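J.: below is the structure, and that's it, no one-letter string:
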């Protein structure tokens, strides 16, 4: 019997074991087959027969990342609360020519040591380059660009690692899973440090795999491992420290220690040249630490470490505490669509990392003890196991929980799932049962919710009257044009249909077809979400509307030196501080007998300024000036409604 077009296309890409001869829908098969044949033809026409696989993989990843990372990167307003703090600290660096301001990040006059300085050192030069050395012409997308580039670089590193570790197109599929992961895409639309941590950790793990595989080929070799690779490994660990503290050293260290212990290869740890590593780490981190101590003192640095690392481990910081198991549950949404194969992929990984010839016939504990005591197995799966498990368990035990905390293990999760998908039926660790199918159905429901969430919220806001115009606003909010909403609606509907079709593939154990179909489905949903749905929800974007009212009344924008100051009562989010370029004075959460004298004193000292005050209290301040606008909306940072008046204080 002649192979069907979809089979031939996957065979051309080296995925001949990915699907079975039968498929749910001929028209979907044909679409995927045509896409696969086109990509294969593109690689053949490039003329690089020996390298077209790598070039083609990198091209696919870059194009997919451009769709998911760049669509909406400029349209989504600055998002409270972490993003404006990062952006403000980087802006102040870019505006300063003092070494001290580049050593110690600051938001206003407040020292910001919540994160090490690498993210600010990435954002500030990017802004200077994009504005031609004029930071007053900056925009929030410029501060987000380093996060997008870091995520793309991490995905390309995953392609390289998958090719070196598992062969075939495993790296390509894993990288695609990363660039459409909802938590990664969300982070690339925020100017934060997490994607930089993902990059430095992935680079360190690529170097560590090169060292581990070299050692395993000749474990009895004398001397250390190749010096250049060793230095690169320690340099990436050092950059990870400057990105987000101890996370990268912990991930790499537990993986190296676990691999050495599992194979009884303790000599590997010494061959990593730890003394050389200390020298490299000191060369990278010591200059900043010494300059920081000179500027703020050792006690300030130590207090920041205790607050951001030790305290977060003991108690839920900023109200984000959760019990163990949080990441195991939420991974099915945050790592969609790769979460389809997390559990089956993990079971397969364990069986291949720790292989046994004669496992005990009875007793789960006895079987697991025999398996984990084995020194036999595949080094690739062993490396992935110790990349994932120690870090995952550590973050489950830490009280503070954020979705992006486990980002450093996402490349390993993606490689684990991609290897199972491309292995076909023979890669399954066990027959599919009713529980597995129930999990696949839950995965489909999660995918449908993620795909329809933006459209559903937009429709609900409109149906309940929670809509406002885009003008006045500064920076200008996007208009909800009929064409944009129509395109977003079609993309959302198509994403829903593709997710359901992918689920049908999964039920038929055609995992490669399911994942390959779910990847563009997720990308379409995210493009609609960040490109249309979120920017058009003007009800939640209060800061641009406040600044727009003031700019419209004063005839000035925050880029002008004489833009007036704003006093905020009940609304003083960091996004307003960033957008007004530090011209916000926070005057209290509400008007009370305690705060009223301070508000009146501020009004007396700032003639010509603008007061943002709850409408319920506006009448008592109208004697000081004239109301120039009002604001109704929702503050997503604290969950409170916004109902404020903007009053121009008379000169």
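T.: In hand now; what should we look at? None of these values were measured; they are calculated from a predicted model.

J.: helices or strands up against the longest helix anywhere in the chain?
T.: Scanning the chain for the helix with the most residues, using DSSP state H, yields helix 434-463. When contacts are defined as 3 or more Cβ pairs under 8 Å, 6 or more residues apart in numbering; DSSP states H and E, helix 434-463 sits against helix 326-334, helix 342-353, helix 482-507, helix 511-528. For the C-beta atoms, the positions are set from N, CA and C on the backbone; glycine is no exception.

J.: what comes up buried for it?
T.: Buried residues in helix 434-463, counted by 16 or more other Cβ atoms under 10 Å: 436, 439-440, 443-444, 446-448, 450-452, 454-455, 457-458, 461.

J.: now do the same for residue 588: helix, strand or coil?
T.: coil (DSSP: H, G, I helix; E, B strand; the rest coil).

J.: so it touches residue 569, yeah?
T.: Yes: with contacts counted by Cβ atoms under 8 Å, residue 588 reaches residue 569, the gap being 5.7 Å.

J.: so residue 627 sits in a strand?
T.: Yes: according to three-state DSSP, residue 627 belongs to a strand.

J.: identify the bridge partners of it.
T.: residue 647 (DSSP bridges).

J.: same check, this time on the one 4 residues further on
T.: Beta bridges link residue 631 to residue 644, judged by DSSP bridges.

J.: any idea how far it is from residue 563?
T.: Residue 631 sits 18 Å away from residue 563, going by Cβ to Cβ, to the nearest Å.

J.: strands paired with whichever strand or helix holds residue 585, and their directions?
T.: Remark: residue 585 resides in strand 584-586, with elements defined by DSSP states H and E. Paired with strand 584-586 in the same sheet, following DSSP bridges, are strand 566-568 (parallel).

J.: pLDDT on the partner strand, on average?
T.: The pLDDT scores in strand 566-568 average 97.

J.: also stretch 79-99?
T.: Taken as a whole, stretch 79-99 has a mean pLDDT of 94.

J.: tell me the buried residues in it?
T.: 79-80, 82-95.

J.: out of those, which sit inside helices?
T.: Residues of the buried residues of stretch 79-99 located in helices (DSSP H): 82-95.

J.: out of those residues, the closest to residue 546 would be?
T.: residue 84 (13.7 Å; Cβ to Cβ).

J.: is it true that the closest one touches residue 582?
T.: No: counting by Cβ under 8 Å, residue 582 is not a contact partner of residue 84; they are 10.9 Å apart.

J.: residue closest to the middle of this protein?
T.: In the chain, the centroid-proximal residue (Cα atoms, centre = their mean) is residue 184; its distance is 2.9 Å.

J.: need the worst-confidence member of the buried residues of helix 434-463.
T.: Lowest pLDDT within these is found at residue 436 (92).

J.: how about that one: what's its closest non-neighbour residue?
T.: Among residues not flanking residue 436 along the chain, residue 344 sits closest, at 7.0 Å (Cβ to Cβ, 6 or more residues apart in numbering).

J.: quick one: low-confidence parts of this structure?
T.: Within the chain, the ranges that satisfy pLDDT under 70 run 1-52, 313-319, 358-364.

J.: got the contact list for the strand holding residue 585?
T.: With contacts defined as Cβ atoms under 8 Å, 6 or more residues apart in numbering, strand 584-586 is touched by 565, 566, 567, 568, 572, 576, 577, 602, 606.

J.: would you map the strands across the stretch 101-250 of the chain?
T.: 106-107, 110-111 (DSSP state E, counting those that start in this stretch).

J.: so what's the gap between the first one and the chain middle?
T.: Same thing as strand 106-107. Strand 106-107 sits 23 Å away from the centroid of its parent chain (Cα atoms, centre = their mean, to the nearest Å).

J.: list the contacts of the residue nearest to residue 207 when sequence neighbours are not counted.
T.: Sequence neighbours aside, residue 233 is the residue nearest to residue 207 in space, at 3.8 Å (criterion: Cβ to Cβ, 6+ apart). By Cβ under 8 Å, 6+ apart, the contact set of residue 233 is 204, 207, 208, 211, 252, 272, 277.

J.: residue contacts, residue 376?
T.: Per Cβ under 8 Å, 6+ apart, neighbours of residue 376: 354, 355, 356, 357.

J.: specify the local secondary structure of it.
T.: coil.

J.: circling back: what number of residues lie near the residue nearest to residue 436?
T.: 23 (other Cβ atoms under 10 Å).

J.: hmm, it is touching residue 420, no?
T.: Yes: contact criterion Cβ under 8 Å: residue 344 and residue 420 qualify, at 6.0 Å.

J.: what's the overlap in contacts for these two?
T.: Counting by Cβ under 8 Å, 6+ apart, the residues touching both residue 344 and residue 420 are residue 428.

J.: closest one to residue 617 out of the contacts of residue 376, please.
T.: residue 354 (66.6 Å).

J.: how many residues are close by the closest one?
T.: Neighbours of residue 354 (other Cβ under 10 Å): 21.

J.: who touches it in this structure?
T.: Counted by Cβ under 8 Å, 6+ apart, residue 354 has contacts 262, 371, 372, 374, 376, 377, 382.

J.: quick check: phi and psi at the fourth one.
T.: When you say that, I think you mean residue 374. Phi and psi for residue 374, reported as degrees, to the nearest 10, are phi -70, psi 140.

J.: again, but for the fifth one
T.: For residue 376, the backbone dihedrals (degrees, to the nearest 10) come out as phi -100, psi 150.

J.: residue 309 too?
T.: Given degrees, to the nearest 10, the pair of backbone angles that residue 309 has is phi -110, psi -60.

J.: skipping adjacent residues, who's closest to it in space?
T.: Nearest one to residue 309, counting by Cβ to Cβ, 6+ apart, is residue 245 at 6.2 Å.

J.: equivalent analysis for residue 532, please.
T.: Excluding the flanking residues, the one nearest residue 532 by Cβ to Cβ, 6+ apart is residue 488, at 3.6 Å.

J.: same check, this time on residue 101
T.: Once flanking residues are discounted, residue 101 sits nearest to residue 93: 5.9 Å by Cβ to Cβ, 6+ apart.
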